[in-house]
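S.K.: my questions concern the predicted model and sequence given below.
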Amino acid sequence: MMDLLAKLIPSLLALGAAVFCFLRWRRKKNVWLLLAMVTAILAAAGFWLDAVIGGFLGFQALALLLLGLWTKRGRI
């Protein structure tokens, strides 16, 4: 039961981050937010494989999200 919760909770958090990235992307149309959304979805799947893989992809999604929120629209 604890193993299931250890996979389910981070997966749901990563999917929530993906939804947040999608909602921000619709407003800003920034490539970094789009990449953060895709990486967060991969992180949600990665948590079911291994916590290290999901954690690494989750950290990358967070970094891309912060980069997307920091930059202006259309800039790379």
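M.R.: Thanks, I have it.
S.K.: what helix or strand is the nearest residue to Leu57 once chain neighbours are set aside on?
M.R.: Excluding the flanking residues, the one nearest Leu57 by Cβ to Cβ, 6 or more residues apart in numbering is Ala43, at 3.6 Å. In short, each C-beta sits where N, CA and C put it, glycine included. Using DSSP states H and E, Ala43 sits within helix 31-49.
S.K.: helices and strands around that helix, which ones?
M.R.: Applying 3 or more Cβ pairs under 8 Å, 6 or more residues apart in numbering; DSSP states H and E, one finds that helix 31-49 makes contact with helix 2-28, helix 51-70.
S.K.: between that helix and helix 51-70, how many degrees?
M.R.: Interaxial angle of helix 31-49 relative to helix 51-70 (axes from the mean of the first three to the mean of the last three Cα atoms, to 10 degrees): 160 degrees.
S.K.: before we move on, the earlier item: and the residue nearest to Leu57, how many neighbours does it have?
M.R.: Ala43: 26 surrounding residues under other Cβ atoms under 10 Å.
S.K.: same thing with the one 3 residues further on?
M.R.: A count of nearby residues for Gly46, using other Cβ under 10 Å, gives 21.
S.K.: could I get the pLDDT score of it?
M.R.: Here the pLDDT value assigned to Gly46 is 95.
S.K.: swap in Arg24?
M.R.: The confidence metric pLDDT takes the value 92 at Arg24.
S.K.: can you tell me how far the nearest residue to it once chain neighbours are set aside sits from Phe22?
M.R.: Leaving aside its sequence neighbours, Arg24 sits nearest to Leu33 (Cβ to Cβ, 6+ apart; 5.3 Å). Per Cβ to Cβ, to the nearest Å, Leu33 is found 8 Å from Phe22.
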